[in-house]
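# Sharing a model that was predicted from the sequence below.
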Amino acid sequence: MEKDFYKRNRNKLIEKMKKDSIAIVFSGQSIHRSADAEYPFLVNRNFYYLTGLEEENIILMIIKKEGEIQEELFIEQADPLKEKWVGKKYSKEEVENISGITRVSWIHDFKQRFTSLLDSQFFENVYLDLERTQWDQQGDLGFRFSEIIKDKFPYLLIKNLYSILREFRTIKEPEEVEKIQKAIAITKEGIHSLMKQMRPGLKTYQLEAYFDFAIGYAGARDNAFESIIAPGEKAVILHYVKKQDTIKEGELVLFDVGADYQHYCGDISRTLPVSGKFTPRQKELYNIVLKAEEEVIQAIKPGLSFNELNQIAKKVLAEECIKIGFIQKEEEISQYYYHGVSHYLGLDTHDIGRRNQKLEPGMVLTVEPGLYVEEEKIGIRIEDDVLVTKEGCQVLSKEIPKKIEDIEAIMG
């Protein structure tokens, strides 16, 4: 991304901030694993959206006064000895070039800078990134800083900028759509490798290795999420992530996989026959799921809700299952389809956004109906990524085969 992208994002946030306010956003910290090891660092996505910076222990501060805006970043000072072990940290010049923020200070000066601002000027509000989706969710640096504010500066009103950024991130800029398309194109390479390499007797961790190598070779920095590779009856478990199964002749394997490209995600599901050919029964159920997916995609347009899309998926699945005598009543479909059909996609695989919001142009979402028949040891899900447009939607993953004849042609 060019730094103008991050500038625009900050300007949108500034417009929403009240005057006499300070916004504080943290990049995050690595989490200790054990001994001297840490888990791989993942930058806070809202921080990245505003700055383009990826390192830990950086603080963004935005000050809004009447007729005056200040932006400042606080970064770690280089430690020459530590850099011999882990590599160089950002320089002040690099931070400016990436983010477009010209005032860059050392992080050990942050507390004094913040205190001095409050002592010398009137401020009423402090905006923090306070994301909480579960009651027991562990609070991050934003929550910890909010406790400091309440203790040391109780006169300040704490505002949540997460809800503001959630609205912005729901509508993708053209540059973001390009990154998502690249992530999907890389994901396609991984799925193609799976189609070519799959054969009876392989372990699911070996299939994962084929996928991971293909996307890494194609330019992905990582997986967008932990790959789901679920053979046979394991495919009825929606997020089955164990990788110790042996795939068998005649069964289906459900793959839910995605590549991360410069922090933007692809998320694709395909269900493939181990032998390279679908059985008649597998074809019958697979084509029902495919029809449901295609009808949902055809229906997508601004103004619809996620719930309306899911109702379309359920209706098609139920009607088609009744036609083949698999179920007798529409309500029985909930035994075999028990998740939503769509979620937002972007900097996070399940990207932030209000589930009750009506679709708007610029949203990117998944379409992923399924059928999960435990008694037949069959789980089928077909998932594509789409961009909502003014007239309908654009399928961003249309180049990834999903019709039976196309899959069999590649695998055969």
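Yep, that arrived.

# List the contacts of the residue lying closest to residue 377 once chain neighbours are set aside.
With C-beta to C-beta, 6 or more residues apart in numbering as the criterion, residue 377 has its nearest non-adjacent residue at 3.9 Å, and that residue is residue 233. Backbone N, C-alpha and C define where each C-beta goes, glycine included. By C-beta atoms under 8 Å, 6 or more residues apart in numbering, residue 233 lies in contact with 374, 377-379.

# which residues in the stretch 301-412 of the chain form helices?
Applying DSSP state H, counting those that start in this stretch to the stretch 301-412 of the chain gives helices spanning 306-323, 404-411.

# which SS class is residue 216?
helix (DSSP: H, G, I helix; E, B strand; the rest coil).

# if I look at it, how far off is residue 260?
11 Å (C-beta to C-beta, to the nearest Å).

# got it, and residue 408?
Counting by C-beta to C-beta - residue 408 and residue 260 are separated by 30 Å.

# So those two - more neighbours on which side?
For residue 408 and residue 260, the more surrounded residue by other C-beta atoms under 10 Å is residue 260, and the numbers stand at 22 against 18.

# In a strand, that one, correct?
Yes. Counting by three-state DSSP, residue 260 is found in a strand.

# doesn't residue 223 make contact with it?
Yes. Here residue 260 reaches residue 223: they are 6.2 Å apart, a contact under C-beta atoms under 8 Å.

# contacting residues for the most far-flung residue of the chain relative to its centre?
In the chain, residue 120 marks the outermost C-alpha relative to the chain mean, sitting 41.3 Å out by C-alpha atoms, centre = their mean. By C-beta under 8 Å, 6+ apart, residue 120 lies in contact with nothing.

# Can you spell out the domain ranges of this structure, please?
Taking automatic domain parsing as the criterion, the chain consists of the domains 3-169, 171-411.

# so of those domains, which one's packed in deepest?
Comparing those by mean neighbour count (mean count of other C-beta atoms under 10 Å), domain 171-411 ranks first with a mean of 19.

# now it, how far from the centre of its chain.
15 Å (C-alpha atoms, centre = their mean, to the nearest Å).

# Where do the strands of the stretch 251-400 of the chain begin and end?
For the stretch 251-400 of the chain, the strands defined by DSSP state E, counting those that start in this stretch cover 252-257, 259-261, 264-265, 268-273, 364-367, 370-373, 378-381, 384-388, 393-395.

# Would you tell me which of those strands gets closest to residue 83?
Across the strands of the stretch 251-400 of the chain, residue 83 has its closest neighbour in strand 259-261 (25.9 Å, C-beta to C-beta).

# Partner strands of the closest one and their direction?
strand 222-223 (antiparallel), strand 264-265 (antiparallel) (DSSP bridges).

# Now tabulate those in JSON lines and tack on distance to residue 168.
Output for those, formatted as JSON lines (distance: least, C-beta to C-beta, whole Å):
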{"stretch": "strand 222-223", "distance to residue 168": "24"}
{"stretch": "strand 264-265", "distance to residue 168": "15"}
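
# Out of these, which is closest to residue 394?
Here strand 264-265 is closest among those (C-beta to C-beta), at 16.2 Å.

# quick one: contacts of the closest one?
Contact with strand 264-265 is made by 176, 179-180, 182-183, 224-225, 258-259, 345-349, 351, as judged by C-beta under 8 Å, 6+ apart.

# Next, give me the two most distant ones among these.
176 and 225 (18.1 Å).

# before we move on, the earlier item: could the domains of the chain be laid out in JSON lines, adding mean pLDDT?
As requested, those are exported to JSON lines (pLDDT from 0 to 100):
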{"stretch": "domain 3-169", "mean pLDDT": "96"}
{"stretch": "domain 171-411", "mean pLDDT": "98"}
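
# Switch the strands of the stretch 251-400 of the chain over to TSV; also include distance to residue 24.
Below are the strands of the stretch 251-400 of the chain laid out as TSV (distance: least, C-beta to C-beta, whole Å):
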stretch	distance to residue 24
strand 252-257	36
strand 259-261	27
strand 264-265	25
strand 268-273	37
strand 364-367	29
strand 370-373	42
strand 378-381	41
strand 384-388	33
strand 393-395	37
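
# And those strands: which comes nearest residue 108?
When the strands of the stretch 251-400 of the chain are compared by C-beta to C-beta, strand 259-261 sits nearest residue 108, at 32.1 Å.

# how about the helices in the stretch 51-200 of the chain?
Secondary structure of the stretch 51-200 of the chain (DSSP H, counting those that start in this stretch): helices located at 80-86, 92-99, 110-120, 141-152, 162-170, 174-197.

# so can I have CSV of these showing distance to residue 252?
Shown next, in CSV, are the helices of the stretch 51-200 of the chain (distance: least, C-beta to C-beta, whole Å):
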stretch, distance to residue 252
helix 80-86, 44
helix 92-99, 45
helix 110-120, 54
helix 141-152, 43
helix 162-170, 34
helix 174-197, 13
